[in-house]
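1. Got a sequence here, can you model it:
(one chain, ligands or ions: 1)
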Amino acid sequence: MRTHYDLVIIGGGMVGASLVCALLPVAKQLDLKIALIEQQPMPTQPGQPFQPSYDARSTALSYGVKSFYQATGMWDRLQAHLTPIEHIHVSDKGRFGVTRLHAKDEGVSALGYVVENHWLGQVLLDHIQQDTQGCVDLLCPASVDSVKPSAEKSELQVTYQDKQHAITAELVVLADGGRSGLRQALNIHFNVQSYHQHALVANVSLDRPHQGIAYERFTERGPMALLPGETLQGEVRCGLVWTLPDDHIGELLSLTDQAFLEELQQTFGYRAGRFTRVGERYHYPLKLSLAEEQVRSGLVVLGNAAHALHPIAGQGYNLALRGVTDLAENIMASRQQVFC
Ligand SMILES: Cc1cc2nc3c(=O)[nH]c(=O)nc-3n(C[C@H](O)[C@H](O)[C@H](O)COP(=O)(O)OP(=O)(O)OC[C@H]3O[C@@H](n4cnc5c(N)ncnc54)[C@H](O)[C@@H]3O)c2cc1C
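-> I've put the predicted structure just below:
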């Protein structure tokens with residue numbers, strides 16, 4: 001651990017880790033010293049074999065982000081557990097019309113990809129830990145207790161290995177998620193609008209192959225999405241995101257698995273086949289949120305700490321990656337000026 005870094009990233013979630021990976025290819029050449037600080041312990045040791053689990057949460061990656069993973073050298077590995085979305089089927093319950101999109105018609109190999117969050121996290125963190133250039137310190141578990149941003153040198157208090165450390169940085173990136181306590185401590189005003197909906201998230205099995213089809217179905221109670229997932233031990237698995245008004249979520253959570261599958265079948269219909277199993281059901285309150293201030297001298301706010309939106313479009317991480325790419329380009333450009 002150093003006492004001064006060019007860049008300190010607070011939060012090693014998908015967004016903070018992606019920013020490190022975006023900078024790794026040029027970090028040595030630009031002599032960048034980076035710290036990634038994450039308060040949760042590492043889920044796995046680097047290089048460990050991946051253990052898919054039936055209940056893992058998934059993220060839909062847009063087709064465009066493939067170029068990010070290619071440029072950062074992670075695509076080949078990531079592909080091992082990606083499910084391509086080859087078709088998209090959009091329908092409105094009780095109404096006649098449907099929209100169908102096909103990768104072939106659009107001249108692309110896939111319309112997007114579905115990835116388990118665990119796998120994406122493992123690929124990102126392994127990539128960082130395999131950095132042999134000595135440019136990145138991954139401080140984990142460690143937590144940032146306070147930040148004092150400044151145009152000169154930002155100051156941070158960090159708890160790491162049961163000790164308090166004072167470090168400084170040229171730039172601090174706040175990627176500590178939607179419930180960022182540091183954002184609040186910095187008096188960054190945050191607009192939050194409730195959708196008055198919850199997302200019920202679970203993996204479900206079908207009695208037939210999903211054929212790479214992602215479904216989006218609008219219903220009276222709210223939209224639902226069914227994402228094609230990786231087949232596990234011969235069992236077809238899809239990721240369900242079912243959005244419901246706040247006062248309906250309790251009822252669906254309290255149903256037995258069998259009763260839940262019947263309710264799901266009735267609402268979704270039979271176009272994907274018969275639902276045969278449901279895994280653990282998770283739920284999240286849905287909010288549209290936006291930090292009013294996302295850039296301050298010595299500080300950038302990124303990812304869910306900066307903005308969050310309804311998950312039905314599957315865009316939260318995809319949009320954050322645009323911020324990651326832009327910020328990485330800015331850091332590289334300003335660093336190159338120093339060397340000129
Ligand atoms: C139901 C649902 C479905 C979704 N589906 C999709 C989808 O299909 N496609 C898509 O693009 N997006 C999707 N999203 C959005 C996506 O999950 C988020 O945009 C993304 O996870 C945000 O990542 P993040 O790194 O900004 O935040 P987080 O994942 O919250 O990471 C923040 C990290 O910071 C750490 N941290 C916090 N405080 C500190 C501290 N003081 N010191 C050190 N570390 C700290 C935390 O431990 C955490 O690891 C979905 C969201 C939901 C709720």
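
2. Count the residues that sit near residue 273.
-> Using other CB atoms under 10 Å, residue 273 has 16 neighbouring residues. All C-beta atoms are positioned from the backbone trio N, CA, C, and that covers glycine.

3. Thought residue 211 was touching it, still the case?
-> No. Judged on CB atoms under 8 Å, residue 273 makes no contact with residue 211 at a distance of 9.8 Å.

4. which ones are touching residue 328?
-> 19, 22-23 (CB atoms under 8 Å, 6 or more residues apart in numbering).

5. For residue 165, give me its contacts.
-> Residue 165 neighbours (CB under 8 Å, 6+ apart): 1, 3, 157-159.

6. Make JSON lines out of those residues and add distance to the ligand and pLDDT.
-> Formatted as JSON lines, the contacts of residue 165 follow (distance: CB to the nearest ligand atom, whole Å; pLDDT from 0 to 100):
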{"residue": "1", "distance to the ligand": "14", "pLDDT": "91"}
{"residue": "3", "distance to the ligand": "18", "pLDDT": "96"}
{"residue": "157", "distance to the ligand": "10", "pLDDT": "98"}
{"residue": "158", "distance to the ligand": "8", "pLDDT": "98"}
{"residue": "159", "distance to the ligand": "9", "pLDDT": "97"}
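
7. hmm, which of these are the buried ones?
-> 158-159 (16 or more other CB atoms under 10 Å).

8. Mind checking which of the contacts of residue 165 are in strands?
-> 157-159 (DSSP state E).

9. Mutual contacts of residue 273 and residue 211, please.
-> Joint contacts of residue 273 and residue 211 (CB under 8 Å, 6+ apart) do not exist.

10. Could you give the number of residues near residue 70?
-> A count of nearby residues for residue 70, using other CB under 10 Å, gives 12.

11. Surely it is in a strand?
-> No. Read with DSSP: H, G, I helix; E, B strand; the rest coil, residue 70 is helix and lies in no strand.

12. Quick check: the gap between it and residue 237.
-> According to CB to CB, to the nearest Å, residue 70 stands 27 Å off from residue 237.

13. same thing with residue 188?
-> 39 Å.

14. Please say which of these two ends up with more neighbours.
-> residue 237 (25 against 19).

15. so who does the closest residue to that one other than its chain neighbours touch?
-> Nearest residue to residue 237, sequence neighbours excluded (CB to CB, 6 or more residues apart in numbering): residue 229, at 4.3 Å. Applying CB under 8 Å, 6+ apart, we find residue 229 in contact with 58, 83, 114, 116, 203, 210, 237-239.

16. so where's the longest strand in the chain?
-> Counting by DSSP E, the longest strand found in the chain is strand 190-206.

17. Need the CA coordinates for it. PDB is fine.
-> This file holds the C-alpha atoms of strand 190-206, laid out as PDB (Å, rounded to 0.1, in the frame of the first residue of the first chain):
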ATOM      1  CA  PHE A 190     -29.200  13.200  -4.800                       C
ATOM      2  CA  ASN A 191     -32.600  13.200  -6.600                       C
ATOM      3  CA  VAL A 192     -34.600  10.000  -5.900                       C
ATOM      4  CA  GLN A 193     -38.000   9.200  -7.400                       C
ATOM      5  CA  SER A 194     -39.700   6.000  -6.400                       C
ATOM      6  CA  TYR A 195     -41.300   4.000  -9.200                       C
ATOM      7  CA  HIS A 196     -43.600   2.500  -6.500                       C
ATOM      8  CA  GLN A 197     -42.600  -0.800  -7.900                       C
ATOM      9  CA  HIS A 198     -40.400  -3.700  -6.700                       C
ATOM     10  CA  ALA A 199     -38.400  -6.100  -9.000                       C
ATOM     11  CA  LEU A 200     -38.800  -9.700  -8.100                       C
ATOM     12  CA  VAL A 201     -35.800 -11.500  -9.400                       C
ATOM     13  CA  ALA A 202     -35.400 -15.300  -9.700                       C
ATOM     14  CA  ASN A 203     -34.100 -18.000 -11.900                       C
ATOM     15  CA  VAL A 204     -36.700 -20.300 -13.500                       C
ATOM     16  CA  SER A 205     -36.400 -23.500 -15.600                       C
ATOM     17  CA  LEU A 206     -38.300 -24.300 -18.700                       C
END
